[in-house]
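J.: Test case, fold it:
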Amino acid sequence: MAGMTADATLAYHTPTADRRPPARGWLATALLAGGLGLVFLAGCFLIGVMSVVSPGGFGLRSAPDRLTVHQGILVAVLYFCAGICLVTGLVVLAVASRTLLRLARS
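T.: Below you'll find the model as predicted:
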């Protein structure tokens with residue numbers, strides 16, 4: 001290592017002046033889209049519940065008096081999936097909105 005000085009800098013180690021800022025805005029936008037997608041998916045699960053409860057579709061036919069055991073289990077599973085999607089989607093929407101508002105203020 002003869003001929004090297006103590007203040008020698010490495011070209012690949014020095015930061016460049018044209019560095020891009022972190023892409024937090026894009027991340028928050030993607031989180032907003034994901035949260036809206038989860039809320040939409042919860043609605044799809046609830047449409048599945050409606051189709052089980054009213055077997056004639058969404059017309060004016062009356063619902064059956066009682067559901068079978070299998071239909072009741074399916075309705076419970078669909079409600080559970082819809083609840084999980086809705087809660088998760090609302091949490092993701094809250095986090096993304098807070099992040100976007102914080103970025104807009106700065």
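
J.: tell me the mean pLDDT for the strand or helix carrying Leu27?
T.: Element membership for Leu27 (DSSP states H and E) is helix 24-53. Throughout helix 24-53, pLDDT has a mean value of 92.

J.: Which positions within it qualify as buried?
T.: Within helix 24-53, the residues scored as buried using 16 or more other C-beta atoms under 10 Å are 28, 31-32, 35, 38-39, 41-42, 45-46, 48-49, 52. Placement of C-beta: from N, CA and C, glycine included.

J.: chain center to that helix: distance?
T.: Put simply, helix 24-53 sits 7 Å off its chain's centre (C-alpha atoms, centre = their mean, to the nearest Å).

J.: Can you get me the centre-to-centre distance for the helix or strand just after it and its chain?
T.: Next along the chain after helix 24-53, taking DSSP H and E as the criterion, comes helix 69-105. A distance of 8 Å separates the centroid of the chain from that of helix 69-105, by C-alpha atoms, centre = their mean.

J.: Quick check: mean pLDDT of helix 69-105?
T.: On average, helix 69-105 scores 94.

J.: Buried residues, it. List them.
T.: Buried, per 16+ other C-beta under 10 Å, within helix 69-105: 75, 78, 81-82, 85-86, 88-89, 92-93, 96, 99-100.

J.: follow-up on the earlier one: taking their axis directions, the helix holding Leu27 and helix 69-105 sit at what angle?
T.: Inter-element angle recorded for helix 24-53 and helix 69-105: 160 degrees (by axes from the mean of the first three to the mean of the last three C-alpha atoms, to 10 degrees).

J.: now for helix 24-53, which elements pack on it?
T.: With contacts taken as 3 or more C-beta pairs under 8 Å, 6 or more residues apart in numbering; DSSP states H and E, helix 24-53 sits against helix 69-105.
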